[in-house]
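Student: here are the coordinates; sequence isn't available:
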């Protein structure tokens, strides 16, 4: 694999990590909301962010799978 292709792959993998980090942070937020009996609307907002980040991560992974790195 060439350096350019390796760099492109590394960039796409990095881009997929962003949504995964948002998923993790929002899941932790929901846990805190539930543990502290906070309003459920805050949990719903965090869940919407998780769903959005999952789709973004899926799109990133689809882009990776469509690339040719040989």
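Tutor: Structure received. What you see is a predicted model, and the numbers here were worked out from it, not measured in a lab.
Student: okay, CA-based contacts and neighbour counts for the rest of this
Tutor: OK.
Student: what residue is smack in the middle of this structure?
Tutor: Nearest to the geometric centre of the chain sits residue 19, at 1.8 Å (Cα atoms, centre = their mean).
Student: quick one: that residue and residue 39, what's the gap?
Tutor: Separation of residue 19 from residue 39 (Cα to Cα, to the nearest Å): 25 Å.
Student: Which element, helix or strand, includes the residue nearest to the centre of the chain?
Tutor: helix 3-35 (DSSP states H and E).
Student: Quick one: mean pLDDT for that helix?
Tutor: Here helix 3-35 scores 90 as its mean pLDDT.
Student: Now for residue 59, how many residues are close by?
Tutor: 13 (other Cα atoms under 10 Å).
Student: Contact partners for the residue lying closest to the residue nearest to the centre of the chain once chain neighbours are set aside?
Tutor: Spatially, and ignoring its direct neighbours in sequence, residue 19 is nearest to residue 53 (4.7 Å; Cα to Cα, 6 or more residues apart in numbering). Counting by Cα atoms under 8 Å, 6 or more residues apart in numbering, residue 53 touches 19-20, 22-23.
Student: any idea which element residue 53 lies in?
Tutor: Here residue 53 is assigned to helix 40-66, by DSSP H and E.
Student: Nothing else from me, thank you.
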